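Colleague: Structure of the sequence below:
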Amino acid sequence: MGRLSRVFVPMAVLAAAAAAAATAYVVAATAVAQHVVTPARRKKQDVRILSVANDLSTVTLAGGGDALTVPGRYGLWFSQDRGYAHISDILEVSDGGVVTRRLDDVAWGDIRGARQGRLSSWYFTSPGDIGLTVHSVDVPTDGGAAPAWLFPADRPTDRWAIHVHGRGSRRQETLRAMPVFHQKGYTNLAVSYRNDDDAPDSPDHRYGLGGTEWRDVDSAIAYALRNGARHVVLFGWSMGGAAVLQAAVRSFRGDSVRGIVLDSPVIDWVETLRFQASEMRLPRLVTEGALVLLDSGWAKSLVRQDAPIALRSLDFTVRARELSVPVLLMHSDDDGYVPADASKRLAELRPDIVTFERFEEGKHTKLWNIAPDRWTRAIGDWLDALEPTLRDDA
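Modeller: Residues are numbered from 1 along each chain as shown. A predicted model of the protein is given here:
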């Protein structure tokens, strides 16, 4: 082999290795970016059902991470979501993460033969579970009719609350909030939005992380105004919080929004996605690459979305001054999915309008499940404080 061959062969090997590494990096970053915006159609069955008491009073479970040891009331889906039960008190925690909890009731299905399931913070799965009059309605959106549940107030009112669930969830997530708003005299509208299994899909079948879903919230505001609303409170859970905040500042109907309630909201997507990637032990370089792809017009075909996310426009620690109505913000220090840091910063930036109800323990969107009295009281007190401003605008 000549001298030049001895030089160029190693260089060619190094170049090929570098090209392979670059390709692997792009593939990994693209996969992460696609995961962020792609709706999951199947839920992970990560709880093992070890045994059920003969009298159906207790159930013994394992798996599911630390969720099984979080106090409170929850739903337990089982048998690939063909069955559903309500569980509550933790009665025993054994070695190996085995937990025995009280089995309050089995809504449907045969739990005795079930072996796998998943925990749900919904608790209520049907409007009938909360004992309020309800009508199924359709909200016209630019993608078609989006189903919603309408809970009319006991007496005619121009006060409406619009409830927006989180990423990968459905309207049932919001049912926990209906009783307190109903008690305070509000008509309630629990909405669906694009790509959530209820409403029509968007053309690209991708989430906009609030940057597109807000248009369906805006359509719900329009529906409320056509049906007698003058004062609207928006309630957003998790990603629903991002959609609600976008609607409040971008809708030309925004002057009808009198207040915002947020449970475990995404205030800053960059911080949230970095946190989630860290929890998954993804390389930082891959995470940052995914953020670039989500934010870049040239990467639309890679991520398979019609438009870039524009992550900075979704950061309400940057856009805090654009908010102009009272906000009740509820978040827990141990959220574990959407860190509370951005919520705390927003509260510090806008103490004039933000009431921050900080929970030390609550996990993600489980504040009601763990502390229902405190959660309900916080909302009720905030609505009472809002009432004088509504009367002034009457």
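
Colleague: And what about the most centrally placed residue in the chain, helix, strand or coil?
Modeller: For the chain, Gly166 is the residue whose C-alpha lies nearest the centre (Cα atoms, centre = their mean; 2.4 Å). Counting by DSSP: H, G, I helix; E, B strand; the rest coil, the backbone at Gly166 sits in coil.

Colleague: next one: Gly65
Modeller: coil.

Colleague: isn't it right up against Val47?
Modeller: No. Gly65 lies out of contact with Val47 (Cβ atoms under 8 Å); the separation is 9.4 Å. Where you see a C-beta, it was placed from the backbone N, CA and C, and this is true even at glycine.

Colleague: more crowded one of these two?
Modeller: Val47 (24 against 12; other Cβ atoms under 10 Å).

Colleague: List phi and psi for the closest residue in space to the more buried one that isn't next to it in sequence.
Modeller: Take Val47 and drop its neighbours on the chain: the residue closest to it by Cβ to Cβ, 6 or more residues apart in numbering is Gly64, 4.2 Å away. Gly64 adopts backbone torsions of phi 70, psi 20, taken as degrees, to the nearest 10.

Colleague: Surely Gly64 and Leu50 touch.
Modeller: No. If you go by Cβ under 8 Å, Gly64 and Leu50 don't touch, sitting 12.0 Å apart.

Colleague: who has more neighbours, the two?
Modeller: The neighbour comparison of Gly64 against Leu50 (other Cβ under 10 Å) goes to Gly64, with 20 against 14.

Colleague: quick one: contacts for the more buried one?
Modeller: 46-47, 118-119 (Cβ atoms under 8 Å, 6 or more residues apart in numbering).

Colleague: Now which of those would you call buried?
Modeller: By neighbour count, with 16 or more other Cβ atoms under 10 Å, these hold 47, 118-119 as buried.

Colleague: Format those residues as JSON lines; extra columns: secondary structure.
Modeller: Output for those, formatted as JSON lines (three-state DSSP):
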{"residue": "Val47", "secondary structure": "strand"}
{"residue": "Arg118", "secondary structure": "strand"}
{"residue": "Leu119", "secondary structure": "strand"}
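
Colleague: between those residues, which is nearest Ala290?
Modeller: Nearest to Ala290, judged by Cβ to Cβ, of the buried ones among the contacts of Gly64 is Arg118 at 26.0 Å.

Colleague: Could I get the full set of helices for the stretch 251-394 of the chain?
Modeller: For the stretch 251-394 of the chain, the helices defined by DSSP state H, counting those that start in this stretch occupy 269-279, 284-295, 300-303, 341-349, 367-370, 372-393.

Colleague: Can you pick out the most distant pair from the contacts of Gly64?
Modeller: With Cβ to Cβ as the measure, no two of the contacts of Gly64 lie farther apart than Asp46 and Leu119, at 8.4 Å.

Colleague: Tell me what the closest residue in space to Ser94 that isn't next to it in sequence is bridged to.
Modeller: Nearest residue to Ser94, sequence neighbours excluded (Cβ to Cβ, 6+ apart): Thr100, at 7.7 Å. Assessed by DSSP bridges, Thr100 has beta-bridge partners Thr60, Glu92.

Colleague: Might one say that Thr100 is in contact with Glu92?
Modeller: Yes. Judged on Cβ under 8 Å, Thr100 makes contact with Glu92 at a distance of 4.3 Å.

Colleague: Let me have the buried ones among the contacts of Gly64 in JSON lines, adding pLDDT as columns.
Modeller: Compiled in JSON lines, these are given as follows (pLDDT from 0 to 100):
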{"residue": "Val47", "pLDDT": "95"}
{"residue": "Arg118", "pLDDT": "95"}
{"residue": "Leu119", "pLDDT": "94"}
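
Colleague: I'd like those laid out as a markdown table, including distance to Ser343.
Modeller: A markdown table is the format used below for the buried ones among the contacts of Gly64 (distance: Cβ to Cβ, whole Å):
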| residue | distance to Ser343 |
| --- | --- |
| Val47 | 29 |
| Arg118 | 26 |
| Leu119 | 24 |
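
Colleague: Do I have it right that Asp315 meets Val266?
Modeller: No. If you go by Cβ under 8 Å, Asp315 and Val266 don't touch, sitting 9.7 Å apart.

Colleague: Tell me, please, the helix or strand in the chain that averages the lowest pLDDT.
Modeller: helix 3-37 (a mean of 67; mean pLDDT, DSSP states H and E).

Colleague: Now do the phi/psi pair for Arg171.
Modeller: Torsion angles, degrees, to the nearest 10, at Arg171: phi -60, psi -30.

Colleague: which one is it nearest to, not counting chain neighbours?
Modeller: Per Cβ to Cβ, 6+ apart, closest to Arg171 is Ala190, 4.4 Å.

Colleague: before we move on, what about Gly113?
Modeller: Ser79 (7.5 Å).

Colleague: neighbours around the one you found, how many?
Modeller: Ser79: 17 neighbours (other Cβ under 10 Å).

Colleague: what does Ile379 give?
Modeller: 25.

Colleague: List the contacts of it.
Modeller: Ile379 touches 177, 180-181, 261, 328, counting by Cβ under 8 Å, 6+ apart.

Colleague: Try it again at 10 Å.
Modeller: Contacts for Ile379 were tallied using Cβ atoms under 10 Å, 6 or more residues apart in numbering; they are 161, 177, 179-181, 183-184, 233, 235, 261, 263, 328, 330, 357, 368.
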